[in-house]
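# Here is my input; please provide its structure:
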Amino acid sequence: MNDYIYYYLLAVNILAFVLFGVDKQKARRNKWRIPEKTLILSAVIGGSVGAILGMRFFHHKTRKARFAIGVPVILLVQIGVVCLVQWAMK
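Predicted coordinates:
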């Protein structure tokens, strides 16, 4: 069962990273953009590390507080939840 969690997290983090890259390309070309809600949602569902890496690698959304502060906070909450669950299982 735990293997599925790792595969899920790997996939959702790759997805988040790719979404930030695609949105950056679309921004450069003045094309239809990926909604900010979708980018944030990709972090919330477990892709926060991929979202942070995408923000840094593509230099995208780094000046928007919603992302620059929000995504790392999401990551910290997720780490806290994992720690709490592991502590509760002992």
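
# Name the spans of this structure whose pLDDT lies under the cut-off.
Per-residue confidence for the chain (pLDDT under 70) gives these ranges: 1.

# what are the ranges of the helices in it?
Chain-ordered helices for the chain, with DSSP state H as the definition, fall at 2-28, 36-42, 48-58, 65-68, 70-89.

# Mean neighbour count, these: which tops it?
Among the helices of the chain, ranked by average contacts under mean count of other CB atoms under 10 Å, first place goes to helix 48-58 (a mean of 21). Bear in mind the C-beta positions are built from the backbone N, C-alpha and C, glycine included.

# Show which residues not belonging to that helix make contact with it.
Residues lying outside helix 48-58 but in contact with it, judged by CB atoms under 8 Å, 6 or more residues apart in numbering, are 12-21, 24, 39, 42-43, 60-62, 67-68, 71-72, 74-75, 78.

# now the closest residue to His59 other than its chain neighbours: how far from Gly54?
In space, and not counting its chain neighbours, His59 is closest to Lys24: 7.6 Å by CB to CB, 6 or more residues apart in numbering. Using CB to CB, to the nearest Å, we find Lys24 at a distance of 8 Å from Gly54.
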